[in-house]
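Novice: coords please:
(one chain, ligands or ions: 1)
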Amino acid sequence: MGPNELVAAVRKDLLARFESLEKKSDILKAPELKDLFKQIPALEPHERAEFGQKINALSNELKELVASAAAPIQQLTPIDVTAPMDINTAFPSFLPAEHGSVHPLMKEVEVLSGIFERMGFSIEESREIDDQYHMFDALNFPKDHPARDDYDTFMTVEEDENGERFVAPAHTSTMQNRVLKKYATNLAKGQPIAAVVPDRVFRNEDLDARHEHTFYQVEGVYVHKGVHAGMLIATLQEFLSEYYKKTVEVRTNPFYFPFTEPSFEMALSCPFCEKAGCKVCSFEGWIELLGCGMIHPEVLKAASIDPTVYTGFAWGLGIDRLVMMKNGIEDVRHFESAKLTFLRQFND
Ligand SMILES: [Zn+2]
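Specialist: Now for the predicted structure:
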């Protein structure tokens, strides 16, 4: 049988089989079709082009048959299942692209990333599903320790190889271990580890004007020889002064985090009233803003960094709060509300 007759015979067989197949797309995986392609190298050079075209034509014919068998589904009118019913009576036209704008939080993430970059920090990305090792164990949370309860978040049904469910990260500190490992070679070269992670985090919160299930943090990590808490305070004071474009004061109070020792809560002097008292600072003159501290030796060890040689600091700063204060936004829930009347106020 010559090549042309062979293609014709295979075509006849496959068309007959197509009719009886329950899953029509299986015809594209037919071994006969693959065998035809395999024969090409064995042919005389002048026969190859024509034979190849015939096989391609057959392959395309089968693909069209499969597509048309699936066509009834494609003919359905698309609907927006999240919209009120009357919206779906006619497919709504798209909003003109020029009406879109960058989300106010994303805009500010760019601003603050720019400030930290100029201060020598690299920018890292977090992830929206992580494991409990990075959420807790690598950060010196003992198993079953009550401190884990402060980070109540969402979990998957699937489990990792340790039999633990994956989590939606409740803080950007889940990235500390990865950042320390990624840049550990810097230390051997006499350079610091300096990175920030601005990204999205999740908590199982009761929602109100100050609590949202999805929000943003910027994590900071700095490790080198001889790093002390004074450097931590100076770094954050410098950042906050840059961000609010005026010199702010900061003050620290002792706090507890398993992954820093000592740990602090940091407040800044109200950038809007110069400590005289106003609505933004609840007439306190100071605003509690972030948690920070010296990285716990166990956290450094978990990333194979010798805590007797190197020390470092870390912080986790809520971005939503920062942006709310800067723009006088009274309710954190506006950010995730997708309300165009809110979002369009930030159009440039
Ligand atoms: Zn104030």
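Novice: With adjacent residues omitted, what lies nearest to the spatially most central residue of the chain?
Specialist: Closest residue to the average C-alpha location of the chain: Arg127 at 4.1 Å, with Cα atoms, centre = their mean. Closest residue to Arg127 apart from its sequence neighbours, by Cβ to Cβ, 6 or more residues apart in numbering: Pro169 at 7.1 Å. Using the backbone N, CA and C atoms, a C-beta is placed for each residue, glycine as well.
Novice: so what's that neighbour up against?
Specialist: Under the criterion of Cβ atoms under 8 Å, 6 or more residues apart in numbering, the contact list for Pro169 reads Ser126, Arg127, Glu128, Asp130, His134, Met135, Thr153, Val201, Phe202.
Novice: tell me which element it falls in.
Specialist: Using DSSP states H and E, Pro169 sits in no helix or strand.
Novice: Quick check: phi and psi on it?
Specialist: Taking degrees, to the nearest 10, you get phi -50, psi 130 for the backbone angles of Pro169.
Novice: Point out where the protein drops to low pLDDT.
Specialist: In the prediction, the chain carries residues with pLDDT under 70 at positions 1, 71-78, 83-99, 348.
Novice: Now do the strands in it.
Specialist: Here the chain has its strands, by DSSP state E, at 122-123, 155-159, 165-167, 193-202, 214-224, 250-257, 260-269, 286-295, 311-318.
Novice: Tell me what the closest residue to Ser263 other than its chain neighbours is bridged to.
Specialist: In space, and not counting its chain neighbours, Ser263 is closest to Gly293: 3.7 Å by Cβ to Cβ, 6+ apart. For Gly293, the beta-bridge partners are Ser263, Ala314 (DSSP bridges).
Novice: was I right about Gly293 contacting Glu261?
Specialist: Yes: contact criterion Cβ atoms under 8 Å: Gly293 and Glu261 qualify, at 6.6 Å.
Novice: So between these two, which is more surrounded?
Specialist: The residue with more neighbours, out of Gly293 and Glu261, is Gly293; 24 against 15, by other Cβ atoms under 10 Å.
Novice: Close to the ion: what parts of the stretch 151-300 of the chain are there?
Specialist: Contact residues, the stretch 151-300 of the chain versus the ion (Cβ under 5 Å from the ion): Cys270, Phe272, Cys273, Cys278, Val280, Cys281.
Novice: Narrow those residues to just the buried residues.
Specialist: The neighbour count (16 or more other Cβ atoms under 10 Å) marks Cys270, Val280, Cys281 as buried among these.
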